[in-house]
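> can't give you the sequence, but here's the structure:
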């Protein structure tokens, strides 16, 4: 398997991304790790930091997509960027998955226009695992600010397929993020989506308030990307806040500091639970080939784990399942529309 890593994108590029790719190549020796970026910049970073690339292949690309660039720059002004060229290689089958910590809007735009969506899927979505006591997949966590109720249903199906494959959860419970649990809560979008989800055949458990999400009430939480991104960042921020608070409490005096030793392993588990780098990255579900969006602030550990995510994604065959769903969904929708139009004739 060939995993291509964009080393020019992200807050810590290129050094931490290169180090992450090296760590992945050492841990996942059965797979070929490739990196794409400015060859001169990569060489300088490798020499300066005394790194050893080993079998990692370098793909030269002179351009860079910055965090400030417009999303369409990936297919217009910066076709020579590491992101654009990497996505082009993925579309041609020259690699099996692409990992980038770069500009989210540009990555989604490039993946949609260069790699293309799975036929029948209207919008790709970012599938993020929330760092909670039980794994909860948030769909969408930032790709689509404005969506339709149909999009929400497709997000729910893709998310359910993902949780079935990756976490081996039989009939994952799907909830809709809302400001109340009643069926008529929310605006027109949430009310319409609730009705469609109720009739979808999914294991739909209804509307879920944000305060209930951490307690395992659902396995997949669907919403528009605007609400999802705010919710995700709030969860991540609260996790850091609570860990800082716990650290202060345990340093209160000699007694609390001594008690820390008895809780060392448990504290480590909690810290890992809220550490975004443990998950590595989030797949763009709905894209025809695997694209993994790593966190913009990804370090070596996060990139290594993003590569792990890419390997799992490819091996899972989830895109085949999503393709089958999209074909069935299109057919059912067509039949429903025909019945509505001609049923009374």
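Looks like it came in fine. If you're wondering where the values come from, they're calculated on a predicted model, not measured in any experiment. Numbers count the residues shown, from 1 in each chain.

> use CA for all of it now, contacts and neighbours both
Noted.

> Tell me where the stretch 1-150 of the chain has strands.
All strands of the stretch 1-150 of the chain, identified by DSSP state E, counting those that start in this stretch, fall at 2-6, 32-37, 57-60, 97-100, 125-126, 128-130, 136-139.

> could you dump the ones you listed to TSV with mean pLDDT and mean neighbour count?
Conversion of the strands of the stretch 1-150 of the chain to TSV gives the following (pLDDT from 0 to 100; neighbours: other Cα atoms under 10 Å):
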stretch	mean pLDDT	mean neighbour count
strand 2-6	98	27
strand 32-37	98	23
strand 57-60	97	17
strand 97-100	98	28
strand 125-126	96	28
strand 128-130	91	26
strand 136-139	96	29
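
> Any idea which of those strands gets closest to residue 316?
For the strands of the stretch 1-150 of the chain, the distance to residue 316 is smallest for strand 97-100, at 12.6 Å, taking Cα to Cα.

> right, and residue 36 touches residue 6 too?
Yes: in this structure, residue 36 is within contact of residue 6 by Cα atoms under 8 Å, at 5.2 Å.

> any shared contact partners between these two?
Both residue 36 and residue 6 are in contact with 82, 86, where contact means Cα atoms under 8 Å, 6 or more residues apart in numbering.

> Am I right that residue 155 is in contact with residue 139?
Yes: judged on Cα under 8 Å, residue 155 makes contact with residue 139 at a distance of 6.0 Å.

> Any chance you could list residues touching both of the two?
Residues touching both residue 155 and residue 139 by Cα under 8 Å, 6+ apart: 125, 222.

> Could you pull up phi and psi at residue 179?
phi -90, psi 10 (degrees, to the nearest 10).

> With adjacent residues omitted, what lies nearest to it?
Take residue 179 and drop its neighbours on the chain: the residue closest to it by Cα to Cα, 6 or more residues apart in numbering is residue 209, 5.5 Å away.

> The one you found and residue 196: what is the separation?
Taking Cα to Cα, to the nearest Å as the measure, residue 209 falls 19 Å from residue 196.

> element containing the residue sitting nearest the centre point of the chain?
Geometric centre of the chain, nearest residue: residue 282, 1.7 Å, by Cα atoms, centre = their mean. Using DSSP states H and E, residue 282 falls within strand 281-285.

> distance between stretch 23-31 and the chain's centre?
Here stretch 23-31 is found 21 Å from its chain centre; the criterion is Cα atoms, centre = their mean, to the nearest Å.

> Not counting that stretch itself, show me its contacts.
Identification of contacts with stretch 23-31 by Cα under 8 Å, 6+ apart yields 1-3, 32-33, 55-56, 300-301, 303-305, 307-308.

> Buried ones in it, by neighbour count?
By neighbour count on 16 or more other Cα atoms under 10 Å, the buried set for stretch 23-31 is 23, 24, 25, 26.

> Out of those residues, the closest to residue 228 would be?
For the buried residues of stretch 23-31, the nearest to residue 228 is residue 24 (29.4 Å; Cα to Cα).

> what about stretch 165-178, average pLDDT?
Stretch 165-178 carries an average pLDDT of 94.

> how long is it end to end?
With Cα to Cα applied, stretch 165-178 spans 26 Å between its terminal residues.

> now stretch 289-303
19 Å.

> and the closest residue to residue 165 other than its chain neighbours, how many residues sit next to it?
In space, and not counting its chain neighbours, residue 165 is closest to residue 316: 6.2 Å by Cα to Cα, 6+ apart. Residue 316 has 15 neighbours, counted by other Cα atoms under 10 Å.

> Tell me where this structure is predicted with low confidence.
Along the chain, segments meeting pLDDT under 70 span 267, 270-279, 330-345.

> follow-up on the earlier one: now do the same contact list for the residue nearest to residue 179.
Residues in contact with residue 209 (Cα under 8 Å, 6+ apart) are 177, 178, 179, 180, 181.

> now it: how far from residue 101?
30 Å.

> repeat for residue 293
6 Å.

> Between those two, tell me which one has more neighbours.
The neighbour count for residue 293 versus residue 101, taken as other Cα under 10 Å, is higher for residue 101 (30 against 26).
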